[in-house]
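*Asks:* Pasting the sequence and the predicted model now:
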Amino acid sequence: MPFHNLQELRHSASLATKVFIQRDYSDGTICKFLTKFPAELDSRIERSLFEETVKTLNCYYAEAEKIGSQSYLEGCLACATAYIIFLCMETRYEKILKKISMYIQEQNEKIYAPRGLLLTDPIERGMRVIEISIFEDSGSTSSSSTGSSPSSATAQ
Amino acid sequence: MSAVMITRKVTRKWEKLPGKNTFCCDGRVMMARQKGVFYLTLFLIVGTCSLFFAFECPYLAVHLSPAIPVFAVLLFVFVVAMLLRTSFSDPGVLPRALPEEANFIEMEIEAANGNVMAGQRPPPRIKNVQINNQIVKLKYCYTCKIFRPPRASHCSICDNCVDRFDHHCPWVGNCVGKRNYRYFYLFTLSLSLLTIYIFAFNIVHVVLRSVDSGFMNTLKETPGTVLEVLVCFFTLWSVVGLTGFHTYLISLNQTTNEDIKGSWSGKNRVQNPYSHKNFIKNCCEVLCGPTYPSVLDRRGVMLEDSTRPTPSDASAASTYKSTNPVSQTTKSSAPLIPNEHTPEEAKPSIGAGTQKSTSSPKEEKPPSPTSPNAVAPAVIKESAH
């Protein structure tokens, strides 16, 4: 396996292609991503790890968009102050977005970078897609699927 | 040498955003281009309230109660705060797809369409999704190069796709969408209350004063009253009507855009899949729901150098800049995007693009020369599936 950390990824890898995980609108307009495993990642990462990442992200977003007592309180308090309080206070959604950003960073460091992949935070893509960049060892000139076959044997 | 670097101005992302918005306060404020009617709205509200405070309030505070001007001030502050919040905030603009995402979607569409015969029009780009047991059609936006999420619509005035697009309001000088709809509603509601309040106390004031001095003398003493009554009278009908209309829309969880298009009306049409069929639940979702963040990152800094970002500093700025070199090449390989061109035709333009990008200075091996070559065989591979 050529990549042991993100530094190595950065210096010795070149971008092969990108995969975009689309939004799942079956539950309405809430932020949720499809857990369908893309074919391009078939040889790069285990299906269960990928699904675990997407499901955890979906849980975070569901918690952020939950309409319950916390969101009512925040809304009523903010309305009573003519929303001026938002100039100094961080909203619940923003707090959860920070948690998501840290989770994605942790996932990249522990799981995705060692497999030559990189997750991009959906907020940087308008919360439309989860962009997964697939990297190649710059020594190989073949396309992504053949290039990863020697590494797939050691990928675990 | 270092003095030159310090004086170099930092470029923020709002300066490079496509669309026809204007930005103020270094990206903190976002509005539409035409702001004339917004200034009129502000002038009418501030002007009428100033007249009220000047002419009516001293008399009413003494003869009736000092609470009257106090409440008027609170209401006025609330109205202006709501107006400014609606006008200055991001309504929920969806950023345009970056070239790789646009290409990925194009490939998906081409794979779904199969072989289109030469001369035949390709089928319309529509995705069907099932929401709450209803089939909703998602349309493709040719400007933003994305499939619009449900309830999103493209505003031609601002040239942006806006999430949960309600309408473009010239009175507030901005679109009304997911992020600022509740402020817009509270603005119309509080403005209705303020108008009724001023109108009512104008009448009270004129009546009380006429008892002492007579009707004509009263009008001579407080000429502002006449102006206020006129403004309030015309405002009342429009603003109260608008508030009523939006209350109706909120109770059904519909947008103005959907109402005008008749998306959920009629027997043969799909029923509104977003409505909870409960007036209270619908109101709560629209008015008390979470405050959605802006996905535009207007104040993010665009880096001038092109170092590859690590996820530790995976801020939007660095990732955006890293894709810029790619956009330089995909601009010249733009023929790949329209349906008419085959991958073979696009290859010479990719080659030309590669030559163009290698001339620009880069620290490490750039993604642009290699990615088109890697993508091109991938494209052929995809279509072979």
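*Replies:* Perfect, I can see it now. Everything numeric in this text was worked out from a predicted model, so none of it was measured. Numbering: from 1, shown residues only, chains lettered A, B, ... in the order given.
*Asks:* What residue in the stretch 101-250 of chain B comes nearest to chain A?
*Replies:* Nearest residue of the stretch 101-250 of chain B to chain A (Cβ to the nearest Cβ) works out as residue B:129 at 4.5 Å. Using the backbone N, CA and C atoms, a C-beta is placed for each residue, glycine as well.
*Asks:* what about that residue, how many neighbours?
*Replies:* 17 (other Cβ atoms under 10 Å in any protein chain shown).
*Asks:* Make sure it is indeed in a strand.
*Replies:* Yes - remark: residue B:129 belongs to a strand, assigned using DSSP: H, G, I helix; E, B strand; the rest coil.
*Asks:* close enough to count as contact, it and residue B:136?
*Replies:* Yes - between residue B:129 and residue B:136 there is a contact at 5.5 Å, judged by Cβ atoms under 8 Å.
*Asks:* Residues in contact with both of those two, list them for me.
*Replies:* Common neighbours of residue B:129 and residue B:136 are listed as A:25, B:150 (criterion: Cβ atoms under 8 Å, 6 or more residues apart in numbering or on different chains).
*Asks:* what residues does the longest helix along chain A touch?
*Replies:* When chain A is parsed with DSSP state H, its longest helix is helix A:47-64. Residues outside helix A:47-64 that contact it (Cβ under 8 Å, 6+ apart) are A:21, A:24, A:30-35, A:37, A:41, A:92-93, A:96-97, A:99-100, A:103-104, A:107, A:111, A:119, A:122, A:130, B:290.
*Asks:* That helix: which residues count as buried?
*Replies:* Buried positions in helix A:47-64, judged by neighbour count with 16 or more other Cβ atoms under 10 Å in any protein chain shown: A:50, A:53, A:54, A:57, A:58, A:60, A:61, A:63, A:64.
*Asks:* How many neighbouring residues does residue A:76 have?
*Replies:* Counted with other Cβ under 10 Å, residues neighbouring residue A:76 total 12.
*Asks:* What are the boundaries of the strands in the chain?
*Replies:* Going with chain A. In chain A, strands defined by DSSP state E lie at A:13-21, A:117-120, A:130-137, listed in chain order.
*Asks:* my question was about chain B
*Replies:* Going by DSSP E, chain B shows strands at B:11-12, B:21-24, B:29-32, B:93-94, B:126-131, B:134-141, B:146-147, B:153-155, B:160-162, B:167-169, B:174-176, B:301-302.
*Asks:* Lowest average pLDDT across those strands?
*Replies:* Of all the strands of chain B, the minimum mean pLDDT falls on strand B:301-302 (a mean of 80).
*Asks:* tell me the pLDDT at residue B:235?
*Replies:* 92.
*Asks:* whoops, I mixed them up, residue A:2
*Replies:* 48.
*Asks:* Please apply the same query to residue B:18.
*Replies:* 87.
*Asks:* surely it meets residue B:96?
*Replies:* Yes - counting by Cβ under 8 Å, residue B:18 touches residue B:96, with 5.9 Å between them.
*Asks:* State the mean pLDDT of the longest helix of chain A.
*Replies:* Mean predicted confidence for helix A:47-64 is 94.
*Asks:* before we move on, the earlier item: distance check, the residue of the stretch 101-250 of chain B closest to chain A against residue A:26.
*Replies:* 7 Å (Cβ to Cβ, to the nearest Å).
*Asks:* Check residue B:182 too.
*Replies:* In terms of Cβ to Cβ, residue B:182 sits 26 Å off from residue A:26.
*Asks:* For these two, indicate the residue with more neighbours.
*Replies:* More crowded of residue B:182 and residue A:26, by other Cβ under 10 Å: residue B:182, with 23 against 12.
*Asks:* how near is that one to residue A:50?
*Replies:* On the measure of Cβ to Cβ, residue B:182 and residue A:50 end up 37 Å apart.
*Asks:* go on, residue B:48?
*Replies:* Distance from residue B:48 to residue A:50, by Cβ to Cβ: 60 Å.
*Asks:* for the chain, what spans make up the helices?
*Replies:* Went with chain A since none was named. A:6-12, A:47-64, A:69-80, A:92-107, A:144-147, A:149-154.
*Asks:* that answer is for a different chain, and I need it for chain B
*Replies:* B:2-7, B:36-51, B:57-63, B:67-88, B:99-113, B:181-213, B:215-221, B:224-252, B:256-261, B:279-288, B:316-332, B:343-358, B:367-384.
*Asks:* which one in chain A is furthest away from the centre?
*Replies:* residue A:80 (35.9 Å; Cα atoms, centre = their mean).
*Asks:* gap between residue B:88 and residue A:86?
*Replies:* For residue B:88 relative to residue A:86 (Cβ to Cβ), the value is 12 Å.
*Asks:* cool, and residue A:95?
*Replies:* 13 Å.
*Asks:* Can you pick out the residue with more neighbours from those two?
*Replies:* When residue A:95 is set against residue A:86 and neighbours are counted by other Cβ under 10 Å, the residue ahead is residue A:86, at 16 against 11.
*Asks:* number of nearby residues for the nearest residue to that one once chain neighbours are set aside?
*Replies:* Leaving aside its sequence neighbours, residue A:86 sits nearest to residue A:78 (Cβ to Cβ, 6 or more residues apart in numbering or on different chains; 5.9 Å). Residue A:78 has 17 neighbours, counted by other Cβ under 10 Å.
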